[in-house]
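Enquirer: Build me a structure from this.
(chains A and B)
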Amino acid sequence: MGRTLAEKVWDAHVVRRADGEPDLLYIDLHLVHEVTSPQAFEALRLAGRPVRSPDLTVATEDHNVPTTNTLAPIADPISAAQVEALRKNCAEFGVRLYPMNDPGQGIVHVVGPQLGLSQPGMTIVCGDSHTSTHGAFGALAFGIGTSQVEHVLATQTLPQGRPKTMAVTVDGDLPAGVTAKDLILAIIARIGTGGGAGHVIEYRGAAIRGLSMEGRMTVCNMSIEAGARAGMIAPDDTTFDYLAGRAHAATGPAWDEAVAYWRTLASDDDAGYDREVVIDAAGLSPYVTWGTNPGQAAPLGSRIPVPADYADPAARASFERALTYMGLTAGTPLSEVAVDTVFIGSCTNGRLSDLRAAADVLRGRQVADGVRALVVPGSMQVKAEAEAEGLDELFRAAGAEWRSAGCSMCLGMNPDTLSPGERSASTSNRNFEGRQGPGGRTHLVSPAVAAATAVTGRLTAPAQL
Amino acid sequence: MAATAILITTDHDFMQRGAFPAMEAFTIHTGRAVPLRRSDVDTDQIIPSEWLKRIERTGFGAGLFSEWRADESFVLNDPAYDGASILVAGPDFGTGSSREHAVWALQDYGFRAVISSRFADIFRGNALGNGLLPVELPAETVETLQAAAEQDPTGEITVDLVAREVRGAGLVASFELDDFTRWRLLEGLDDVGLTLRNEELITVFEATRAAWLPSVA
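Expert: Below is the predicted model:
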């Protein structure tokens, strides 16, 4: 029987296999940031171990950094100490770092692809669950904990139990106005936050093939929100066109050799999956979340569920708890939910095409009175490219704030946070309680819906403007 | 409650023997249980991100469930459960962020094991790497254990990794854990030491890597 994409990449990285033990996998690229690495470097130091492969290790500052006034010292002393620890560790262990204000700095999952470091067939890890983003290239990419960060720093390998495989096939074409973000929210709503547990999801089908690389990154990014160990998309000409000419992509005969190998990675026709889900793209529309986990999502044109929608008592309890936290009433049309803040950015939707999508909606329009809108490019390179197109001026003219690169309001680790009770429409990936700041209420949306929501002050699809 | 210290040895004799103890071994633990009747307990709830700015590996217990603990009716605020060491939670425990700080917080607070009907993969891996035992049991068994802990907070249950079973609340329930992981936990061995036993295999693999693979050297 044939093998799947995930199985091929896995098999190509097994350093050691022994009965009854996890496989020891070689790691081709290790991405590092300030939050999940300090204890790992400290452990290396205590054990007197070096970083085995500094040439396969890249660090950036993203979670903690402020996105305004970035030339000033970081005001929060604890954040400043953590960023300083990363700089010291990278200097001591010889790891390449893109610090704040460097033209290469940005969110770790935006930086890897833009440098051409994330390539098909690779194994990529990072102490961050959204490492699944890089699976868009046909890489096996997954988030790890700090002990595993230490393990990879010390050995460039990781012991891992072989995952199960799952195919999510999206047939047909996405209707006009439906984006990659809507698609992944719909997939998570369908399979649930534990639907991918233990599996690597391979996204397949015409609608996936039709996505740009940045759209594919958005889809793979949120695989973890379905509980999956990773998400992958087979590499094709879209992938190769994106990579060609990037800083770390091969050139000349080496490029041809790489592409020839990459073309062998697609799942074989006779490969089997442990689980398969099929979704019809034609039935999709803009999706938003109403609850406190990413699976609690629904079409923007629909209503918040009612208790009778839940047969399972645990699911109903979770639903009721979520509505209480969110300050919402069962059965309310989602288009009537008013927001205070709109956040456009993050490793999910902070790339140039995301900013363009938001800009297209805001062009010639204004952010509603009383609504705060933040636009935060995913990297300094995205910022520069957007500014070259005049997007910064367009956002400012519409009444939005234009920021420097970082994780920003995706998580409450830097000055960009929600206040208790404040409600956001956010292009990020998690609507957990307090995720954007204690007491904050988050609705996950696409960049286009975020921009339309900024205009009206309530959850709105661009087609409704 | 005593913090579970993460011991990192610099004893090179240990390392030359192939593995060195970096975590507390888990064999058999008997303790009282806390029922946490919530599903999808994500790691942002277990340890809010504000706590992730610390560069130490200890002291996270004070941040455990800190947002929920602000509500005085939250179960961990009930003095009847002071000193309990086994958390019995709803399904899909540990979803979301890869933060190992969630495991450190649970251990630092005094938990030795978490029982749920399903764990998120990254959390489970982090827990197993630190000697916090994630025990997966059927939802109805978890419900029975929760009900028992609610009825009698002083009742003890035993999590037995040797026999791979949970005993207490009038039941004996087997759980699954692969032999290799079980052995590693029973011995308290860390992965880095085990992997370095095979360092020559890593070197051999490195020599086979394609020249076009990216490098930042």
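Enquirer: Contacts only, for residue 94.
Expert: Defaulting to chain A. Residues near residue A:94 by Cβ atoms under 8 Å, 6 or more residues apart in numbering or on different chains: A:51, A:54. (C-beta placed from N, C-alpha, C; glycine too.)
Enquirer: That was the other one, I meant chain B.
Expert: B:41-43, B:46, B:102, B:114, B:119-120, B:122-124, B:127, B:134.
Enquirer: Return only those of those residues found close to chain A.
Expert: Among the contacts of residue B:94, the residues lying close to chain A (Cβ under 8 Å from any Cβ of the partner chain) are B:42, B:120, B:122.
Enquirer: who's the first one bridged to?
Expert: Taking DSSP bridges, one obtains residue B:95 as the residues bridged to residue B:42.
Enquirer: Residue 139 - nearest residue in space that isn't next to it in sequence?
Expert: Just so you know, I chose chain A. Once flanking residues are discounted, residue A:139 sits nearest to residue A:122: 4.4 Å by Cβ to Cβ, 6 or more residues apart in numbering or on different chains.
Enquirer: Chain B, not that one
Expert: residue B:117 (4.1 Å).
Enquirer: now do residue A:427
Expert: residue A:349 (3.6 Å).
Enquirer: I'd like the ones next to chain A among the contacts of residue B:94 as JSON lines, with pLDDT and neighbour count appended.
Expert: JSON lines is the format used below for the ones next to chain A among the contacts of residue B:94 (pLDDT from 0 to 100; neighbours: other Cβ atoms under 10 Å in any protein chain shown):
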{"residue": "B:42", "pLDDT": "97", "neighbour count": "25"}
{"residue": "B:120", "pLDDT": "97", "neighbour count": "30"}
{"residue": "B:122", "pLDDT": "96", "neighbour count": "28"}
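Enquirer: Which members of the contacts of residue B:94 occur in strands, if any?
Expert: Within those, residues falling in strands by DSSP state E are B:114, B:134.
Enquirer: Mind listing what's buried along the host helix or strand of residue A:92?
Expert: Using DSSP states H and E, residue A:92 sits within helix A:77-93. The neighbour-count check on helix A:77-93 (16 or more other Cβ atoms under 10 Å in any protein chain shown) flags A:78, A:79, A:81, A:82, A:83, A:84, A:85, A:86, A:89, A:90, A:93 as buried.
Enquirer: which of the residues you listed come close to chain B?
Expert: Applying Cβ under 8 Å from any Cβ to these, one finds that A:78, A:79, A:81, A:82, A:85 fall near chain B.
Enquirer: In this structure the last one contacts residue A:33, no?
Expert: No. Counting by Cβ atoms under 8 Å, residue A:33 is not a contact partner of residue A:85; they are 11.5 Å apart.
Enquirer: Leaving out the residues flanking it, which one is nearest to residue 60?
Expert: Because you didn't say which chain, this covers chain A. residue A:98 (4.4 Å).
Enquirer: other chain: chain B
Expert: Per Cβ to Cβ, 6+ apart, closest to residue B:60 is residue B:105, 3.8 Å.
Enquirer: which residues touch the one you found?
Expert: Listed by Cβ under 8 Å, 6+ apart, the contact set of residue B:105 reads B:46, B:47, B:51, B:60, B:61, B:63, B:64.
Enquirer: Out of those, give me the two with the largest separation.
Expert: The largest separation in these, counting by Cβ to Cβ, is between B:46 and B:61 at 11.3 Å.
Enquirer: So for these two, which sits in the more crowded spot?
Expert: Shown here are residue B:46 and residue B:61; by other Cβ atoms under 10 Å in any protein chain shown, residue B:46 has more neighbours (30 against 18).
Enquirer: count of residues packed around the nearest residue to the more buried one once chain neighbours are set aside?
Expert: Among residues not flanking residue B:46 along the chain, residue B:102 sits closest, at 4.0 Å (Cβ to Cβ, 6+ apart). Other residues near residue B:102 number 32, with proximity taken as other Cβ under 10 Å.
Enquirer: how close does residue B:102 get to residue B:65?
Expert: Distance, residue B:102 to residue B:65, using Cβ to Cβ, to the nearest Å: 10 Å.
Enquirer: The residue nearest to residue B:46 touches residue B:49, doesn't it?
Expert: No. With contacts counted by Cβ under 8 Å, residue B:102 stays clear of residue B:49, the gap being 11.0 Å.
Enquirer: Low-confidence ranges, chain B, go.
Expert: B:1-22 (pLDDT under 70).
Enquirer: quick one on the thing from earlier: widest-spaced pair of the buried residues of helix A:77-93?
Expert: The most distant members of those, if one measures by Cβ to Cβ, are A:78 and A:93, lying 22.5 Å apart.
Enquirer: ok, the helix or strand hosting residue A:202: who's next to it in the sheet?
Expert: Taking DSSP H and E as the definition, one finds residue A:202 inside strand A:199-204. Here strand A:199-204 has these sheet partners by DSSP bridges: strand A:164-171 (parallel), strand A:230-232 (parallel).
Enquirer: Buried residues, the longest one. List them.
Expert: The one in question is strand A:164-171. A:164, A:165, A:166, A:167, A:168, A:169, A:170.
Enquirer: Close to chain B: what parts of the stretch 251-400 of chain A are there?
Expert: A:254, A:255, A:257, A:258, A:261, A:293, A:314, A:315, A:317, A:318, A:321.
Enquirer: hmm, 7 Å instead?
Expert: A:254, A:257, A:258, A:293, A:314, A:318 (Cβ under 7 Å from any Cβ of the partner chain).
Enquirer: ok, of the residues you listed, which come out buried?
Expert: Taking 16+ other Cβ under 10 Å as the criterion, what is buried in these is A:258, A:293, A:314, A:318.
Enquirer: And the residues you listed, which is closest to residue B:153?
Expert: residue A:314 (22.0 Å).
Enquirer: separation between the closest one and residue A:450?
Expert: Going from residue A:314 to residue A:450 by Cβ to Cβ gives 32 Å.
Enquirer: Could you do residue A:365 as well?
Expert: 13 Å.
Enquirer: Which one's more surrounded, these two?
Expert: residue A:450 (34 against 16).
Enquirer: I'd assumed residue A:425 was in contact with that one.
Expert: Yes. Look at residue A:450 against residue A:425 with Cβ atoms under 7 Å: they come within range, at 5.2 Å.
Enquirer: Common neighbours of the two, please.
Expert: residue A:342 (Cβ atoms under 7 Å, 6 or more residues apart in numbering or on different chains).
Enquirer: Show the pLDDT at residue A:426.
Expert: Residue A:426 is assigned 98 on the pLDDT scale.
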